[in-house]
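1. build the 3D model from these lines:
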Amino acid sequence: MGSDSSNSVVDSNVQSHDVKRLYVGDSCVFPRTLSVNPSMTIMSMAARLADHLDANESGYLSGSQQLVA
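-> Okay, here's the model as predicted:
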């Protein structure tokens, strides 16, 4: 993760530098294997991504909220 596409694959919102609107919400953005179980880190990254998508002015997730009862 990073702002420079020459040394990172995704930005701080886990959006691909090369393919816009491609978001990575799993552990493949980690540069190496962690020494602990990464489940909580993956869940927090996914929650942060969902918040980002929902807050986005294009409203990627705003229509889906109406489907949830």
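2. ranges for the helices of this protein?
-> Assigned by DSSP state H, the helices in the chain fall at 39-55.
3. where are the low-confidence patches of it?
-> Low-confidence segments of the chain (pLDDT under 70): 56-69.
4. could you redo the last one with a cut-off of 90?
-> Along the chain, the model assigns pLDDT under 90 to residues 1-2, 5, 7-9, 12-14, 20-21, 24-39, 41-42, 45, 48-69.
5. was I right about residue 52 contacting residue 13?
-> Yes. Residue 52 lies in contact with residue 13 (Cβ atoms under 8 Å); the separation is 4.9 Å. Every residue, glycine included, has its C-beta placed from N, CA and C.
6. who has more neighbours, the two?
-> residue 52 (16 against 13; other Cβ atoms under 10 Å).
7. what's the spacing between that one and residue 40?
-> Applying Cβ to Cβ, to the nearest Å, the value for residue 52 to residue 40 is 19 Å.
8. ok, now residue 4?
-> 27 Å.
9. equivalent analysis for residue 46, please.
-> For residue 46, the distance to residue 40 - Cβ to Cβ - is 11 Å.
10. residue 45 contacts residue 14, correct?
-> Yes. Residue 45 is within contact range of residue 14, at 6.6 Å (criterion: Cβ under 8 Å).
11. shared neighbours of these two, which are they?
-> 25, 29 (Cβ atoms under 8 Å, 6 or more residues apart in numbering).
12. next, the buried residues of stretch 22-35.
-> By neighbour count on 16 or more other Cβ atoms under 10 Å, the buried set for stretch 22-35 is 23, 25.
13. and it, end to end?
-> 28 Å (Cα to Cα, to the nearest Å).
14. run the chain-centre distance for that stretch.
-> Relative to the centre of its chain, stretch 22-35 is centred 10 Å away, using Cα atoms, centre = their mean, to the nearest Å.
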